[in-house]
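Q: Provided below for reference: sequence and predicted model.
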Amino acid sequence: MDVGLLTALVEWAQWHYLAATAISFLCANTFNYGISRNWVFMAGKFRRGFEYTGFIVASALGLSIHQVVMLLLVDEGHFDYRLSKMICISIIASWNFITRKYLVFTR
């Protein structure tokens, strides 16, 4: 979902890759909240609104890291934005799992 939306926004809608990265990341993370809450982790000790807020805050920090890495890889390293996205996904996946397991869905 994330890479597909990124590619569609850059290639077809002609968005700048950083704007497209932010939108694709946020769409994917909203979808991932539902999956995480229902199938990956047990609901945590927090109410759903607070839990979702923590999820989005952790994701926003992940997005900041993601954007910096994308900028460095694409603008400074001259990597293709799609390859850069795949590298970012591998980095941010660890960040997301750790923050969700130990901060958001903690019991």
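A: Nice, thanks for sending it over.
Q: Regarding the protein, what is its longest helix?
A: In the chain, with assignment by DSSP state H, the single longest helix is helix 48-71.
Q: Need the contact partners of the helix or strand following that one.
A: Using DSSP states H and E, the helix or strand that follows helix 48-71 in sequence is helix 81-99. Residues outside helix 81-99 that contact it (C-beta atoms under 8 Å, 6 or more residues apart in numbering): 2-3, 6-7, 10, 17, 21, 29, 32, 58-59, 61-62, 65-66, 69-70, 73-74, 77, 79. Yep, even glycine has a C-beta here, placed from its N, CA and C like the rest.
Q: what comes up buried for helix 81-99?
A: 81, 84, 85, 88, 92, 96, 99 (16 or more other C-beta atoms under 10 Å).
Q: For these, point out the one with the lowest pLDDT.
A: In terms of pLDDT, the weakest of the buried residues of helix 81-99 is residue 96, which scores 83.
Q: on that earlier part again, turn the buried residues of helix 81-99 into TSV, including distance to residue 49.
A: Output for those, formatted as TSV (distance: C-beta to C-beta, whole Å):
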residue	distance to residue 49
81	35
84	34
85	31
88	29
92	24
96	20
99	18
